[in-house]
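[1] I would like to see how this sequence folds:
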Amino acid sequence: MGPRRIVIVGGVAGGMSAATRLRRLDEDASIVVLERSGHVSYANCGLPYFVGGVIEDEDDLLLQTPERLFERFRLDVRVGAEVVDIDPAGHAVTIRATADGATSELPYDALILSPGAAPVRPPLPGFDRVRVLRTVEDAELLADQAQGKPRSAVVIGAGFVGLETAENLAHLGIQTTIVEAAGQVLTPLDPELAVLVAAELVAQGVAIETGVGVAEVTDEGVVLADGRAIPGDLVVAAIGVRPDVRLAEMAGLTLGQKGGIAVDADGRTSAADVYAVGDAVEKADSVGGGSSLIALANIANRQGRRVADTICGRAVHPAPSQGTAIVKVFGVTAALTGWNETRLRAAGRRYRVIHSHPMSHAGYYPGAEPMSLKLLFDPDDGVILGAQAVGGSGVDKRIDVLATAMAAGLRADALADLELAYAPPFSSAKDPVNMLGYMAENLMSGECDVVEADELSGLVATRWTLLDVRTKDEHARGSIPGSVNVPLDSLRQNLDSLGDGPFVVYCQVGQRGHTATMLLHELGLPARNLDGGYETWRATDAAAAGDPDRLVPAGTRR
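    Numbering: from 1, shown residues only. The predicted structure is shown next:
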């Protein structure tokens, strides 16, 4: 019996990870990688930054070439080679050369599908004028058009790629408008976190139209569903992607409930000796236990490696996906892991919420930046269900720690006991992650009860007293309507004037509110602390009104 013949359809993250891992494990195997585009290994996450000129040299995006892959790994990489048919019974694929249309057949002992996902292209009038951003070729076309200095641009879609594209077009001096059919930007975030990102876009001069779709693309721009015309010499669609399952359907492979290729924990499809990885595949969900479509390069890389291990007979440990992701939007970073509150509520899953607004490092050390954190956990066992973060420096570190804790199955209150690196330039003695743990401990023990911002109006309507324990100056700069201001340091002296409650207590971010609430409890008065304080209320109020302008400080708009 000769060496194993392994054919991989599609390169980039999943396919190339599988190919190189296979070679490390089997020097004798025949490994052929078929890629229909002209590039087999490139950094597709860097494409928006090439369009904006942040990455100046296109070659920096190309991680490997077919020639280098042959020299180092003896991989037979064929670009411009499109697979047009799969015969699972005969263990062969049919290839069509994109240059001349010539077809040929290639047998395999094991086949790995890594076709990725394709941009959503809705059937809108005039959509053929729209650019998308998925491949190097897409980036080249868009960069050429953007470098021509169009006066205006419209980006359809406010997901990760849409926001990165909008930022880079704005950096080129192009007046940019984002149009998003959903009621907010970045729908993976909950509204009170997403509005912080929207406020940064507005502050940087990017216009936002949410809650309205595009009805038509014209030569002058787009026409919205409500009839308004938005100018756009350049129109880019970043509406999302769908798993490319054309080959899978052609081969009769089973698809999952979400429309992606169904695979088991080892990456096997429903056909013998056929595996699948990457954006086209449904992933096991770490929170809900079902499957989900998560288009992330790190997951594709991991799947490629695991499938190579399986083919070579090595044991593989299943790793469900959390969907950890991060994006930079001008001076703001937004990151998340696990499920958001919107999804938990829709699934009927019980949960508790914590909001926190710490600084990136010790406030007395220069350069500290604020951030907003949100933690979601099971109220019974404390298992972490998801986390979100928006802010400046340090957001990536905190979401990575929370994602690791979540993957390890730590309880929310166990975050308090994590020993995290501390020095004033990097963190605080109580790291923001530790503080989430202390807050979770207070809730889980019943030591303190909190009120969420969306509960506030109902409690005030039933005659709860809204008590602001910030300083007089803070209250004067902005407060929740109807609140009574008694600073924390004078609370004991003024209790007689407040009555018997019950009280909803708030401060700027929740910490002084917690101290005041505990004091009231000790004195036998009913009180609850407003989760996340005034900062969370402001963001929730701005999100509910669909008005991120409320969060943009005067004089900061570009």
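
[2] could you use CA atoms for every contact and neighbour count after this?
    OK.

[3] now do the buried residues in stretch 18-25.
    A18, A19, T20, R21, L22, R23 (16 or more other CA atoms under 10 Å).

[4] what sits against the fifth one?
    Contacts for L22 (CA atoms under 8 Å, 6 or more residues apart in numbering) come out as A308, D309, C312.

[5] now the two most distant members of the buried residues of stretch 18-25.
    Farthest apart among the buried residues of stretch 18-25 by CA to CA are A18 and R23. That separation is 8.7 Å.

[6] nearest to A554, out of the buried residues of stretch 18-25: which one, please.
    Within the buried residues of stretch 18-25, distances to A554 taken as CA to CA reach their minimum at A18, with 52.0 Å.

[7] using the three-state scheme, assign S479.
    Under the three-state scheme (DSSP: H, G, I helix; E, B strand; the rest coil), S479 adopts coil.

[8] how close does it get to V469?
    With the distance defined as CA to CA, to the nearest Å, S479 ends up 11 Å from V469.

[9] quick check, E167 in a helix?
    Yes: assignment of E167 by three-state DSSP places it within a helix.

[10] dump the buried residues of stretch 18-25 into TSV; add secondary structure as well.
    Below are the buried residues of stretch 18-25 laid out as TSV (three-state DSSP):
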residue	secondary structure
A18	helix
A19	helix
T20	helix
R21	helix
L22	helix
R23	helix
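
[11] which residues touch V79?
    With contacts taken as CA under 8 Å, 6+ apart, V79 has the following neighbours: L34, E35, R36, S37, G38, H39, V40, P66.

[12] where does the first one sit, in terms of helix or strand?
    Yep, that's L34 we're talking about. Secondary-structure element containing L34, defined by DSSP states H and E: strand 30-35.

[13] please enumerate the strands of the stretch 401-550 of the chain.
    Secondary structure of the stretch 401-550 of the chain by DSSP state E, counting those that start in this stretch: the strands cover 450-451, 465-468, 484-485, 503-506, 527-530.

[14] so which helix or strand of this structure has the lowest pLDDT on average?
    For the chain, using mean pLDDT, DSSP states H and E, the weakest element among its helices and strands is strand 41-42, scoring a mean of 63.

[15] how distant is whichever helix or strand comes after that one from the center of its chain?
    For strand 41-42, the following helix or strand on the C-terminal side (DSSP H and E) is helix 47-51. Centre-to-centre, helix 47-51 and its host chain are 18 Å apart (CA atoms, centre = their mean, to the nearest Å).

[16] show residues contacting helix 47-51.
    Where contact means CA under 8 Å, 6+ apart, the residues beyond helix 47-51 that reach it are 55-58, 61, 133-136, 139-140, 142-143, 146, 161, 164-165, 168-169.

[17] what does stretch 417-430 give?
    The set of residues external to stretch 417-430 that reach it, using CA under 8 Å, 6+ apart, is S360, H361, A362, Y364, Y365, P366, D431, N434, G437.

[18] now, which of those lie within helices?
    When DSSP state H is applied, these are split such that N434, G437 fall in helices.

[19] now for the contacts of stretch 417-430, which pair is the farthest apart?
    Set against one another by CA to CA, those have their most distant pair in P366 and G437, with a gap of 26.1 Å.

[20] and these two? Which one has more around it.
    Neighbours were tallied for P366 and for G437 using other CA atoms under 10 Å; the higher tally belongs to G437 (22 against 10).

[21] the more buried one contacts A416, doesn't it?
    Yes: look at G437 against A416 with CA atoms under 8 Å: they come within range, at 4.1 Å.

[22] overlap of the contact sets of those two?
    The contact lists of G437 and A416 share no entry, where a contact means CA under 8 Å, 6+ apart.

[23] could you report the pLDDT at A43?
    Note on A43: pLDDT of 67.

[24] let me redo that: G394
    pLDDT for G394: 95.

[25] count the neighbours of the residue nearest to it when sequence neighbours are not counted for me.
    In space, and not counting its chain neighbours, G394 is closest to S360: 5.3 Å by CA to CA, 6 or more residues apart in numbering. One way to gauge burial is a neighbour count; for S360, by other CA under 10 Å, it gives 26.

[26] S360 and R352, how far apart?
    Distance of S360 to R352, computed by CA to CA: 24 Å.

[27] again, but for D541
    As it turns out, when the distance is counted by CA to CA, D541 lies 20 Å from R352.

[28] give the buried residues for stretch 479-490.
    Going by neighbour count (16+ other CA under 10 Å), the buried part of stretch 479-490 is S479, I480, S483, V484, N485, V486, P487, L488.

[29] which of these lies closest to L443?
    L488 (21.4 Å).

[30] tell me the contacts of that closest one?
    Applying CA under 8 Å, 6+ apart, we find L488 in contact with V469, R470, T471, R512, A516.

[31] the first one against S483, yeah?
    By that I understand V469. No: V469 is not in contact with S483 according to CA under 8 Å; the separation is 9.8 Å.

[32] what does the residue nearest to G394 show for phi and psi?
    phi -70, psi -30 (degrees, to the nearest 10).

[33] tell me the pLDDT at it?
    In this prediction S360 is given a pLDDT of 95.

[34] quick one: it from V469, how far?
    Taken as CA to CA, the spacing of S360 relative to V469 amounts to 24 Å.

[35] what do you get for I208?
    Plainly put, I208 is 35 Å away from V469 if you go by CA to CA.

[36] between those two, which one's more packed in?
    V469 (26 against 21).

[37] so what's the more buried one closest to, chain neighbours aside?
    P487 (4.2 Å).

[38] how about the backbone phi and psi for that neighbour?
    Here P487 shows phi and psi, under degrees, to the nearest 10, equal to phi -60, psi 150.
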